[in-house]
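# Sharing a sequence plus its predicted fold:
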Amino acid sequence: MNSDDLKNFVDTGKSGAEIYALITELFPICRSITGDGFRQTMKMLQQHIPLEIHEVPSGTKVFDWVVPKEWNIKDAYVKNTQGEKVIDFQKSNLHILNYSLPVNKVVPLQELKEHLFILPDHPDWIPYKTAYYKENWGFCLNHNTLMTLEEGDYEVFVDATLEAGSLTYGELYLKGEVADEVLISCHGCHPSLANDNLSGIGLATILAKTLQTVPHRLSYRFVFIPGTIGAITWLSVNETKVDKIKHGLVITGVGDAGTITYKKSRRGDTEIDRAVTHVLKHSGQTYDIIDFYPYGYDERQYCSPGFNLPVGCFMRTPYGQYPEYHTSADNLTFIQPESLSDSFSKLLATLNILENNHTYLNLNPKCEPQLGKRGLYSSIGAYELALLWVLNLSDGSNSLLDIAERSGIEFTAIQAAARLLSTHKLLEHQPISATSSMEESLN
Amino acid sequence: MNSDDLKNFVDTGKSGAEIYALITELFPICRSITGDGFRQTMKMLQQHIPLEIHEVPSGTKVFDWVVPKEWNIKDAYVKNTQGEKVIDFQKSNLHILNYSLPVNKVVPLQELKEHLFILPDHPDWIPYKTAYYKENWGFCLNHNTLMTLEEGDYEVFVDATLEAGSLTYGELYLKGEVADEVLISCHGCHPSLANDNLSGIGLATILAKTLQTVPHRLSYRFVFIPGTIGAITWLSVNETKVDKIKHGLVITGVGDAGTITYKKSRRGDTEIDRAVTHVLKHSGQTYDIIDFYPYGYDERQYCSPGFNLPVGCFMRTPYGQYPEYHTSADNLTFIQPESLSDSFSKLLATLNILENNHTYLNLNPKCEPQLGKRGLYSSIGAYELALLWVLNLSDGSNSLLDIAERSGIEFTAIQAAARLLSTHKLLEHQPISATSSMEESLN
Amino acid sequence: MNSDDLKNFVDTGKSGAEIYALITELFPICRSITGDGFRQTMKMLQQHIPLEIHEVPSGTKVFDWVVPKEWNIKDAYVKNTQGEKVIDFQKSNLHILNYSLPVNKVVPLQELKEHLFILPDHPDWIPYKTAYYKENWGFCLNHNTLMTLEEGDYEVFVDATLEAGSLTYGELYLKGEVADEVLISCHGCHPSLANDNLSGIGLATILAKTLQTVPHRLSYRFVFIPGTIGAITWLSVNETKVDKIKHGLVITGVGDAGTITYKKSRRGDTEIDRAVTHVLKHSGQTYDIIDFYPYGYDERQYCSPGFNLPVGCFMRTPYGQYPEYHTSADNLTFIQPESLSDSFSKLLATLNILENNHTYLNLNPKCEPQLGKRGLYSSIGAYELALLWVLNLSDGSNSLLDIAERSGIEFTAIQAAARLLSTHKLLEHQPISATSSMEESLN
């Protein structure tokens, strides 16, 4: 199987179902930026892909930050005077303030309320809240439950530990023909939230699994990390490797029913930016392409000025722009296999461009070659026009994506034309860039 | 007469009539990409301009192509069993499939139909069809006639030859003060079709005739060629000369009533592209400027990547966008002297820009010169504004066209201002480019 | 007081009133391009700022021009046969054709009319007319008065002198920390006209007065000159100094009720152009930014190709676009303290950008620094976003104005973020440009 066919050989409908199944499996786990939840998640991914699991000890200095203590939780509840659990971690891991300190005491309702988080606008939903960097204890609950709490004392119990340990991340490197790398990064630190970001985790896993079965020119590096601190840690630990990254995507929130949003890299005009734009433009669907801004997901770190990597962010509805975001409503019914499938398909189409965006040389550059005698030309149609565009622009300064952009013809048609012309010896790979890639892969 | 006045000294109304008369004269001839029809056409042009007629033997290799056998035809018809000519070449040379093989046989209607070409949507019109590169015989006819043909045998007779001979083209070089050339190219391989492209042939001929009577700074090269194979042959035979071509236009379809369409060169920002754009923008008429694409007329060859010449295509309604295109309805009533005159006028205005697009130096660059004491300034008006723009931008980096574009003032007003300021010693020609042109003309 | 606070420390409402008072004081004087009216105006400004008054003798060659004779006028009138003054200079100095020759004779109405200027469209208004460079005598009057003049002889009396003298201009240099200069230029040659250009004179004077009380990084040069000939004279006399001018504004017509219009410098993308654009864009008010054209005020001279200085023109309604322009209706009721105040405020905001548009270096460029541990980060808001933008773009290639433009955040917020990050040692001044400025100030 040739990498040229990346986009076409996969049954993305089936992949959507496979991603959804994986998300369902991972959903119940209580993840955080450190601890056994994240660790267990990585181990479950190992059933699909040969992920390497890395541990970075608490206290390790990573640029301006320090790897925090490891947080683990077994149980947590609040009991009323009747001994009834009015908030119960066993029912939803969102009930616990993520990174909550252990606690075991009786407090009056008034004091308890200072440690409770609710969403008045959505009285049925539990919010997702964290306390990574300012120590606190607390619970999240739905507003309706809060309304039922009567004055009196409550037993508060959090069986958690916050101790020296390590930060866990997973990494998978798929060697290609050349050393140039595509970075696929997604955060996995959220507990039972489906779209943000089990959808990214699921999609990236199935993407990696798929790429293992296809020859690919480029190398791929998948990183599954806790958000922010995980990206910072990964960049710190792998600082010398990042110059191999020629394209990258942060993948997140790819399972909801919204249209696709692509946030461009800080540079704004890199090949990945252009490739995603091309795919979306030719999708026939609505989409949104937004400029880089220094807030959002881990592209903030990859695009910090000291790295300035060509990494964009691929998502559907952006964070914070759907009410379910960071609440118990971001659950398995909020995401659809169809959306996952659509996201997957567009990512494959994007990778197909990166894999095949070669620059060719027209071997018969003076006047048009006689296509008719080669059986390549009948009356003019989209097919012949693609041939003529590839011939006309293959002067060594235009890649196939350049040609697709200027002609307005979809990349795959331009790619097919180039392949056909090559077969007829009318076109050849631009030698220089081929050499450069080969040299790089010797490193 | 000074080339500065190119645009103004011609009575373009009279020229339109002259072009129309020439087209009328050429209309009956049965032209093809080779043969006596094209040859005779060139000879008729010699009555107007000292055209050199060139012959390139069949079999000559021209880049990826080979000059084809020469085709000549004397007569052709289809007779029914009553001996009546139901299709007769003598009534319209469009009736014969251009490049049809000779044939002399009797065939039943069913077999005959495989060799007949009609236009069901325009049942009165005869289509124009060719078979240059796949040998065949055939006839074109209107749909109504086809409907009258009864079952039975038909005598098919084509008295044509397809033999080693030559491809003919005409060329005229008009030497100017400098060796920099303007290429004017038009195809003349179509039989009785008026707009496509006798209009181009006629206009180019009268343009050449006109330029012979005016001093001109630039040199002009007119080529009258069969489409595609003719351009390829000309480029192959003249490969070493093309670096003198600094501007070029393919002229075609300039007689219909539609608005003017200009298709830019592959480079897209050359002086010819900007000059035509400027003329159309200031014409007060509607127009269409379109980007280069590698299909259409002979700009395909001139703009192939191995040449990439600054050649655009000047036309009115583009090929294929009017129903009369390549049918018997593209006749002498489809074109008008007024349209020819308008096309001619805009081409002269374009050439006027190319002739006079000099770069000047303001000799008094610090502050404005005192125009009042030279009688150049009363109250401000368009006239004074042109003077001020020329003075302000003539720092050696802006040509008159640059100034016209930035100021929004028509080129001729800018040109007049520059001339006036030169007379008053406030401006002088930029010396460097003058030298460079002189050097070139010594080559 | 720090120059950072330029925009905020001034009570611009009070300044508007102060400017208006100064204009009121200057209004009655009969100014011209030379003579005692202009001289007296400069002396009155010396009561506010330590202006240097320069005199350039008549006959001095200044580039293509010559400093004209000095004009002074004591009285002028036209009397009818009854001895009544039907036109009286004492009632309005606009009544005299500015630079009118002395005259003392009796003429019939018919001859008188050849020397009278009126505005038929505005029969109550006196036009403002000049005769600097073609010697003539004449009077301006309102159309209604003209209608009352009966046939008969009129005594015409102009007690004026046109003799060798000098052209006067005022200049004030305010030394800053660096030698880089901001030029503020305004013309003061008009008699009793309020908006054009006492408003400019008044605003520039109070601006200079204000800047004297604030430490400022840049040096400021204020020039108060007669229009055109004054700018030409100043440039001629100060030709060697102009390379210190890094930014400049011609200030005129800043008192009317119209929206602000900024006319860009000839270069079109200089820092002053971008700074004014930024201020207007974030003003929440309507405004108009127009491209440079070589007509208008003294930017014509500053932007002549031999100088090409980064000087734009700051005004409200442009000259000629309000009917009161150059008439007696451009009086003290046509301008408002509120408009003067608004113009002043926007100029201060512009200067604030020029003063503080530094380029910083993120000292922690790899990944984001941990803002939380420094108390700089709670939940994301406009404030945090400004911090993140400054950090992300401070790679040495972006100035604060670049960051403000790209982020869409107002300059002052970006400036505040940079200051805060500097305090926390997360940012430092880009050293190179600092050095370069220091070197320059040693010159």
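Yes, it's here.

# Settle this for me: A:Y325 is touching A:Y319, isn't it.
Yes - the pair A:Y325 and A:Y319 qualifies as a contact (C-beta atoms under 8 Å) at a distance of 5.8 Å. C-beta coordinates here come from the backbone N, C-alpha and C atoms, glycine included.

# which residues do those two both contact?
Residues touching both A:Y325 and A:Y319 by C-beta atoms under 8 Å, 6 or more residues apart in numbering or on different chains: A:D196.

# in stretch A:280-288, what's buried?
Buried residues in stretch A:280-288, counting neighbours by 16 or more other C-beta atoms under 10 Å in any protein chain shown, are found at A:L280, A:H282, A:S283, A:Y287.

# pretty sure A:F63 contacts A:A231?
No - using C-beta under 8 Å, A:F63 is not in contact with A:A231; the gap is 10.6 Å.

# ok, the buried residues of stretch A:280-288 vs B:E114, which is closest?
Nearest to B:E114 among those is A:H282, at 40.1 Å by C-beta to C-beta.

# Excluding chain neighbours, give the residue nearest to whatever residue of the stretch 101-250 of chain A ends up closest to chain B in space.
Going by C-beta to the nearest C-beta, chain B is nearest to A:R217 of the stretch 101-250 of chain A, at 25.4 Å. In space, and not counting its chain neighbours, A:R217 is closest to A:E177: 4.7 Å by C-beta to C-beta, 6 or more residues apart in numbering or on different chains.

# repeat for A:N308
Residue nearest to A:N308 in three dimensions, not counting chain neighbours: A:R266, with 5.9 Å by C-beta to C-beta, 6+ apart.

# now that neighbour: how far from B:F157?
Applying C-beta to C-beta, to the nearest Å, the value for A:R266 to B:F157 is 75 Å.

# So if I had to pick from these two, which one is more boxed in?
Legend: neighbour count by other C-beta atoms under 10 Å in any protein chain shown for A:R266 and B:F157, higher for A:R266 (24 against 17).

# May I ask which helix or strand encompasses that one?
According to DSSP states H and E, A:R266 maps onto no helix or strand at all.

# now swap in the one 10 residues further on and tell me
The secondary structure element spanning A:V276 is helix A:271-281 (assigned by DSSP H and E).

# So which bits of that helix are buried?
A:E271, A:I272, A:D273, A:R274, A:A275, A:V276, A:T277, A:H278, A:V279, A:L280.

# Write out the residues of chain A neighbouring chain C.
With C-beta under 8 Å from any C-beta of the partner chain as the criterion, chain A meets chain C at residues A:62-65, A:133-134, A:228, A:231-232, A:235-236, A:239, A:266, A:293-295, A:300-301, A:303-308.

# so who does the closest residue to chain C within chain A touch?
The nearest approach of chain A to chain C comes at A:G306, 3.2 Å away (C-beta to the nearest C-beta). Neighbouring residues of A:G306 by C-beta under 8 Å, 6+ apart: C:N362, C:P365, C:K366, C:C367.

# restrict these to those near chain A?
Near chain A, judged by C-beta under 8 Å from any C-beta, the entries from the contacts of A:G306 are C:N362, C:P365, C:K366, C:C367.

# Okay, and which of the residues you listed map to strands?
If you go by DSSP state E, the ones next to chain A among the contacts of A:G306 have C:N362 in strands.

# before we move on, the earlier item: would you point out the most distant pair within the buried residues of stretch A:280-288?
Largest pairwise distance in the buried residues of stretch A:280-288, by C-beta to C-beta, is 10.4 Å, between A:H282 and A:Y287.

# follow-up on the earlier one: give me the buried subset of the residues of chain A next to chain C.
Among the residues of chain A next to chain C, those classed as buried by 16+ other C-beta under 10 Å are A:62-65, A:228, A:231-232, A:235-236, A:266, A:293-295, A:300-301, A:303-305, A:307.

# I'd like the domain boundaries of chain A, if you could list them.
Following automatic domain parsing, one gets these domains for chain A: A:3-67+A:166-356, A:70-163, A:359-442.

# quick one: is the last one near chain B?
Yes - in terms of C-beta under 8 Å from any C-beta, part of domain A:359-442 sits within range of chain B, namely A:362, A:364-370, A:372-373, A:380, A:384-385, A:388-389, A:391-395, A:407.

# can you tell me which of these are in strands?
Those of these lying in strands (DSSP E): A:N362, A:D395.

# Buried only: go through the residues of domain A:359-442 next to chain B for me.
Buried members of those, counted by 16+ other C-beta under 10 Å: A:362, A:364-370, A:384-385, A:388-389, A:391-395, A:407.

# Just the pLDDT for the residue nearest to the spatial centre of chain A.
Chain A has A:I251 as the residue nearest its centroid, 1.6 Å off, counting by C-alpha atoms, centre = their mean. Model confidence at A:I251, given as pLDDT, is 98.

# What residues does the residue nearest to it when sequence neighbours are not counted make contact with?
Closest residue to A:I251 apart from its sequence neighbours, by C-beta to C-beta, 6+ apart: A:G200 at 4.3 Å. Applying C-beta under 8 Å, 6+ apart to A:G200 gives the contacts A:C186, A:H187, A:G188, A:I251, A:T252, A:G253, A:V254.

# Next: A:K209.
Counting by C-beta under 8 Å, 6+ apart, A:K209 touches A:H48, A:I49.

# what do you get for A:E410?
With C-beta under 8 Å, 6+ apart, A:E410 has these contacts: A:H278, A:H282, A:A404.

# how about the residue nearest to A:N308, phi and psi?
The phi/psi pair for A:R266 (degrees, to the nearest 10) reads phi -60, psi -40.

# my guess is it meets A:R300, correct?
No - using C-beta under 8 Å, A:R266 is not in contact with A:R300; the gap is 9.5 Å.

# what is in contact with these two at once?
Common neighbours of A:R266 and A:R300, using C-beta under 8 Å, 6+ apart, are C:N392.

# need the helices for the stretch 101-250 of chain A, in chain order.
Ranges of helices within the stretch 101-250 of chain A are A:109-113, A:143-148, A:200-211, A:229-237, based on DSSP state H, counting those that start in this stretch.

# so can I have JSON lines of those helices showing mean pLDDT?
JSON lines is the format used below for the helices of the stretch 101-250 of chain A (pLDDT from 0 to 100):
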{"stretch": "helix A:109-113", "mean pLDDT": "97"}
{"stretch": "helix A:143-148", "mean pLDDT": "96"}
{"stretch": "helix A:200-211", "mean pLDDT": "97"}
{"stretch": "helix A:229-237", "mean pLDDT": "98"}
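
# From the buried ones among the residues of chain A next to chain C, which land in strands?
A:V62, A:W65.

# hmm, what's the outermost residue in chain A?
A:K373 (48.4 Å).

# For it, which non-adjacent residue is spatially closest?
Closest residue to A:K373 apart from its sequence neighbours, by C-beta to C-beta, 6+ apart: B:Y133 at 7.1 Å.

# From B:C140, how far out is the one you found?
Per C-beta to C-beta, B:Y133 is found 18 Å from B:C140.

# repeat for A:D291
To B:C140, A:D291 is 57 Å away according to C-beta to C-beta.

# Also A:R406?
According to C-beta to C-beta, A:R406 stands 37 Å off from B:C140.

# residues in contact with the residue lying closest to A:Y297 once chain neighbours are set aside?
Spatial nearest neighbour of A:Y297, excluding adjacent residues (C-beta to C-beta, 6+ apart): A:V250 at 4.9 Å. Going by C-beta under 8 Å, 6+ apart, A:V250 touches A:S185, A:C186, A:Y297, A:D298, A:E299, A:Y302, A:V311, A:G312, A:C313, A:F314.

# Okay, and the beta partners of A:V250?
Assessed by DSSP bridges, A:V250 has beta-bridge partners A:S185, A:C313.

# for the helix or strand hosting A:L351, packing partners?
Element membership for A:L351, per DSSP H and E: helix A:337-356. Judged by 3 or more C-beta pairs under 8 Å, 6 or more residues apart in numbering or on different chains; DSSP states H and E, helix A:337-356 is in contact with helix A:12-26, helix A:200-211, strand A:245-251, strand A:260-263, helix A:271-281, helix A:411-423.

# Considering only the stretch 201-350 of chain A, name the residue that lies closest to chain B.
A:K281 (17.3 Å).

# This completes my enquiry, with thanks.
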